[in-house]
Each structure stands twice: as C-alpha cells, then as structure tokens.
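[1] output the structure for:
(one chain, ligands or ions: 1)
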Amino acid sequence: MPFPADRATSLAIFCKVVDNYGDIGICWRLARQLQLEHGVRVTLWVDDLVSFKRICPEIDVELDAQKAAGVTVRHWRDQEGVFAASDVADIVIEFFACDIPPGYIAAMAQRQPQPAWLNLEGLTAEEWVEGCHKLTSPRHGMIKHFFFPGFTGKTGGLLREAGLEERRRQFQADPVAMQAFLAQFGVTAQEMAATKVSLFCYPHAPVAELLASWQGGGEPMLCLVPEGVAFDAVGSFIGADAVAGAVRTLDALTVRVLPFVPQDDYDRLLWACDFNFVRGEDSFVRAQWAGKPFIWHIYPQDENLHHVKLRAFLQRYALDADGVIDSLAGASEYWNGASAAGQGWLGLWPALRADMPRMTARAGAWQRQMLDNGDLAGNLLSFARLPR
Ligand code: TRH
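    Below you'll find the predicted structure:
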C-alpha cells in the first residue's frame, strides 16, 4: 500500500496547458480540493504559469516553486531532470495524457511501493466512457489507470467542492451580495433589473447575431463578457476595443466587458446571472452547479467530433418529464454550428427565453441526479487508495 498511516497522502498532478484555461482550470480546482478537503499534500506541476495567473492572480510567474492555497506549485519547464524515488508522490496524476518527464517515470518505477498512476481524461457524455473508466495499461513495469469524469455512476463524476451548493444558495438568496458583487464591474441598480447573461465562448460562435437579437428584442438585457472573449464581435458592438470596463447600451441591450476574474469569482458571476453561455469543460461544469439555464459552446475538434459529444450531452440533459426541451437543443446545435436554424437567434432566443422556467427546473433536477455520482476528487482518491 503506498499510503502510510503516519503522514498525509502525497499526490502529484502534471498539467500541460494545451490552450486556453481549461487544463489548468481543472487541475487547479482538483488540486485545491484534494488539499483542502482531504488533507492530501498536493504538488501541481504546470508548464504555463502565465495562463495559471489569469485564473489565480496570486501566482508568481517567475518562481520555480511556490505555495498557493496550500498547494505546492512547480513550474514544469521541460522533460529533463533526474528524480529520486523519494521525490515521487503516493499518487501520480497525468492530466489529458500529458507526458510525464521520463526521469520522474523512472523514479516511479524505483519507488517502493510504486505509486498509484492515473491518467485523468476529458469529460464527455458518450456511453463508451463507462467501458473505459478505470481501464488499465501496463507501462514501464507499472500499471497506469484511466480515470474518466462523467455524468453517470459508472464514471468518476464531476468536480464539485464540499459546501459549493450551500455557498451558491446563500449567495443567490442575498440580492444585496449579488448587487455588490456585480457593482464592482460597474453594473448599476437599473441594469440589475435586466435579464443578466454571462458570455464565455470560442471566437467562432455567432455572437454578433446573438447581440443583435437582444438589441432588437425589446426586453432589457445585460450581457457581461470577460475580457478577451468574442473580442471582435463585442468590440464591434461597443465601437471600441473590448477591454475591461468598456460598456455600451444600444436599444434594449447593454454589453459590459469585465476583467477576466479569479476562478471563485467566476462562479459568483454564473450564480448572479439569469442565463450563462459557457464553453470547454470547466466552465461547462460550473454552469451545471450554478443551477441556471445555460448554453454550452463545446471545444471544436476535427471532423466535427465535438458535435457527437454535444449531442451525447443534450440527449441526457435537454430532456425532462415533458420530453425534449426543443429550444435548448435547437439553440445549442445552432450555437455550435451543428445545425442551421431558420431565423437564427432572432427565433431561437425568444423560444429559449420562454423556456427559462422549464430550463431552471431541469437544472435543479440534473444537479440532484449528478450529486448521486459523488464528486470527482473524492471518487479519484478512493480509487487511487484501493489496495492493488
Ligand atoms: O478555457 P477553455 O476553453 O478551456 C479548455 C481548453 O481549451 C482545453 O485545452 C480543452 O481541453 C478544454 O477547454 C475542453 O474553457 P474551460 O474549460 O471552461 O476553462 C476556463 C477556465 O477559466 C475555468 O476554470 C473557469 C476559468 N475562468 C476564470 O477563472 N475567470 C473568468 O473570467 C473566466 C471567463 C473563466
């Protein structure tokens, strides 16, 4: 057993930032939770501290080693380096099949007992995941296990901190706190009364058309966009560079550009809005825990593989006791370029708007269903600690 009773379990996560913020976003969330809730001594090896700093401003990009939120953060600069068996953690997680430095793997093989070695995979609602979750692969005289997050009890579940639901409830039950939170970005009392939407998507989303539908829609709308998101479309609505603090109202729509906020504040943003546009993996999961209607912009893949993944999710999610929620399925497909829609957003938004109560109810039911699967950090730790 690699888990001595006389000291805390140690765990290393290796994170390669392929692009954007999801890779480090997920690893950072997992690292913090394992340390805080399970008392694990976590070392997070990450190759891109600049991206890390955007979601966690306390990171010093110059340092090779530092502590943040109780987690040891190491700058993973290259594949070189010689490690001793004593440098190796009890549990080693490679994120998205990133290549751990060969020297570290050699030390893992030398260590007695050998560490539990897990490859943490990407999130998808496709059924094949259940068959691949916890599969083994022999490597360098050791056994590597594949660990899949997911939406069913036969997967590793979703990342969710203890107390998250309670924090959300308290925040959403406190209009003063919500107003104070949004006021720091310049949101006025009058804007608080509008339908509030957060917007986080990839650059190819049809944002200009969405904004136009809100502008001409008659209902007061407030769209909050973190800096750097849909930069061109937002800039052309505002008539200037879409930098933090930029704002413009045209007819029914006000668009405000927010700074890119720290990860915990991003949760509050989702909680404070009536509707969220999210993307990738981590913000997509956070939108589910926010309990609000949302549309997902999925990370694009070759040969439109992402459309298969999108539909696999919609088949599970866009469905309630009355059947398929057509407005949600239709708008999600259109937003992701998976189908054409007659009038585009001009027709899709009013349908979604009308279905918001139904989607809110669905969000609550889905949350309850997901809670039954436990949480990814707890499930992963229990699995890694199994005697083998
Ligand atoms: O940034 P993403 O598109 O990330 C990823 C990566 O592209 C990755 O390579 C790919 O594998 C994955 O998507 C599917 O989207 P995601 O996953 O939502 O991650 C964004 C992170 O940034 C998330 O942790 C929330 C955080 N965030 C903030 O902390 N502040 C903000 O203002 C915003 C908008 C996001």
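[2] wait, doesn't Gly141 sit right on Ala109?
    Yes. Using Cβ atoms under 8 Å, Gly141 makes contact with Ala109 at a distance of 5.3 Å. (Each C-beta comes from the backbone N, C-alpha and C, glycine too.)
[3] so which bits of the stretch 151-300 of the chain are right by the ligand?
    200, 226, 260-263, 266, 279-284, 299 (Cβ under 6 Å from any ligand atom).
[4] residues in the stretch 1-150 of the chain within reach of the ligand, list them.
    Residues of the stretch 1-150 of the chain lying near the ligand by Cβ under 6 Å from any ligand atom: 18-23, 25, 55, 122.
[5] those in helices, which ones?
    Of the positions in these, 22-23, 25, 55 sit in helices, assigned by DSSP state H.
[6] on that earlier part again, helices - which of the residues of the stretch 151-300 of the chain next to the ligand land there?
    Per DSSP H, the subset of these in helices is 263, 266, 282-284.
[7] most neighbours out of those, which is it?
    Neighbour counts for those peak at Ser283, which has 28 neighbours (criterion: other Cβ atoms under 10 Å).
[8] pLDDT at that residue, what is it?
    On pLDDT, Ser283 comes in at 98.
[9] quick check: closest non-adjacent residue to it.
    Excluding its sequence neighbours, the residue lying closest to Ser283 (Cβ to Cβ, 6 or more residues apart in numbering) is Phe200, at 5.5 Å.
[10] contact partners for the one you found?
    225-226, 229, 276-279, 283, 297 (Cβ atoms under 8 Å, 6 or more residues apart in numbering).
[11] domain ranges for this protein?
    Under the assignment automatic domain parsing, the domains of the chain span 10-158+373-384, 164-371.
[12] out of Gly141 and Ala109, which sits in the busier spot?
    Remark: of Gly141 and Ala109, Ala109 carries more neighbours, 14 against 10, as counted by other Cβ under 10 Å.
[13] tell me how far the more buried one lies from Lys309.
    35 Å (Cβ to Cβ, to the nearest Å).
[14] between which two of the ones in helices among the residues of the stretch 1-150 of the chain next to the ligand is the distance greatest?
    Asp23 and Ile55 (10.8 Å; Cβ to Cβ).
[15] so for these two, which sits in the more crowded spot?
    Per other Cβ under 10 Å, whichever of Asp23 and Ile55 has more neighbours is Asp23, with 25 against 21.
[16] since we're on the residue in the stretch 201-350 of the chain that the ligand sits nearest to, how many residues are nearby?
    Closest residue of the stretch 201-350 of the chain to the ligand, Cβ to the nearest ligand atom: Gly280 (2.4 Å). Other residues within reach of Gly280, judged by other Cβ under 10 Å, total 23.
[17] nearest residue to it in space, please, no chain neighbours.
    Nearest one to Gly280, counting by Cβ to Cβ, 6+ apart, is Gly22 at 4.1 Å.
[18] please apply the same query to Val229.
    That would be Phe200: by Cβ to Cβ, 6+ apart, it lies 5.5 Å from Val229.
[19] repeat for Leu270
    Using Cβ to Cβ, 6+ apart, the nearest residue to Leu270 is Ala290, at 4.0 Å.
[20] same deal with Met370?
    Once flanking residues are discounted, Met370 sits nearest to Leu158: 5.9 Å by Cβ to Cβ, 6+ apart.
[21] for the residue nearest to Leu164 when sequence neighbours are not counted, list the residues it contacts.
    Nearest residue to Leu164 in three dimensions, chain neighbours excluded: Trp289, at 6.0 Å (Cβ to Cβ, 6+ apart). Residues near Trp289 by Cβ under 8 Å, 6+ apart: 158, 160, 164-165, 168, 267, 367.
[22] just the pLDDT for Trp289.
    98.
[23] what of the one 4 residues further on?
    In the predicted model, Pro293 carries a pLDDT score of 98.
[24] how about it: what's its closest non-neighbour residue?
    Met359 (3.7 Å).
[25] number of residues surrounding that neighbour?
    22.
[26] and His145, by the same measure?
    There are 19 residues near His145, going by other Cβ under 10 Å.
[27] name the SS class of it, please.
    State at His145, reduced to three classes by DSSP: H, G, I helix; E, B strand; the rest coil: strand.
[28] how about the strands in the stretch 201-350 of the chain?
    Per DSSP state E, counting those that start in this stretch, the stretch 201-350 of the chain carries strands over the ranges 221-226, 247-250, 253-258, 275-279, 294-297, 319-320, 323-324.
[29] now mean neighbour count too, for these, in CSV please.
    Listed next are the strands of the stretch 201-350 of the chain as CSV, based on neighbours: other Cβ atoms under 10 Å:
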stretch, mean neighbour count
strand 221-226, 24
strand 247-250, 15
strand 253-258, 24
strand 275-279, 24
strand 294-297, 25
strand 319-320, 15
strand 323-324, 10
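[30] among those strands, which comes closest to Leu348?
    Short answer: strand 294-297, nearest of the strands of the stretch 201-350 of the chain by Cβ to Cβ, at 9.6 Å.
[31] one step back: any idea which of the residues of the stretch 1-150 of the chain next to the ligand is least confident?
    Asp19 (90).
[32] tell me how far the closest residue to Pro101 other than its chain neighbours lies from the ligand.
    Among residues not flanking Pro101 along the chain, Gln79 sits closest, at 4.8 Å (Cβ to Cβ, 6+ apart). Distance check for Gln79 against the ligand: by Cβ to the nearest ligand atom, to the nearest Å, it reads 20 Å.
[33] so Gln79 makes contact with Asp99?
    Yes. Contact criterion Cβ under 8 Å: Gln79 and Asp99 qualify, at 7.0 Å.
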